[in-house]
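Asker: Starting from these lines, generate the structure:
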Amino acid sequence: MQKKPSLSIVFLIFALIVGGALRREFDTTAMKFKNTGLAIVYAVTFLFSVYILLKDLIKQPEK
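Answerer: Here you go, the predicted model:
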């Protein structure tokens, strides 16, 4: 019996929260981030959580 790939709920919620915070940090009128250092931390964290989600989704089942 093969196990279906499942999304990690923790990383999904984490990616949604950090992605929303990153979006709020971006100023659309000036086309730049309000606080660049914080935006970098948000972006790295968001990309890491999306990477973990995709890695778990694409992972091949073992035989």
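Asker: what stretches of the chain score poorly on pLDDT?
Answerer: Across the chain, the ranges flagged by pLDDT under 70 are 1-7, 60-63.
Asker: let's see it at 80
Answerer: 1-8, 57, 59-63 (pLDDT under 80).
Asker: Pull out the buried positions in the lengthiest helix in it.
Answerer: Criterion DSSP state H: the longest helix present in the chain is helix 36-58. Of the residues in helix 36-58, 39, 42, 45-46, 49-50, 52-53 count as buried by neighbour count, 16 or more other C-beta atoms under 10 Å. Heads up, the C-betas are built off the backbone N, CA and C, glycines and all.
Asker: would a markdown table of those with distance to Val10 be doable?
Answerer: Formatted as a markdown table, the buried residues of helix 36-58 follow (distance: C-beta to C-beta, whole Å):
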| residue | distance to Val10 |
| --- | --- |
| Ala39 | 23 |
| Tyr42 | 18 |
| Thr45 | 13 |
| Phe46 | 14 |
| Ser49 | 9 |
| Val50 | 13 |
| Ile52 | 9 |
| Leu53 | 10 |
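Asker: For Asp27, state which of the residues you listed is nearest.
Answerer: Checking these against Asp27 with C-beta to C-beta, the nearest one is Ala39 at 10.3 Å.
Asker: Quick check: closest non-adjacent residue to the closest one.
Answerer: Phe33 (3.8 Å; C-beta to C-beta, 6 or more residues apart in numbering).
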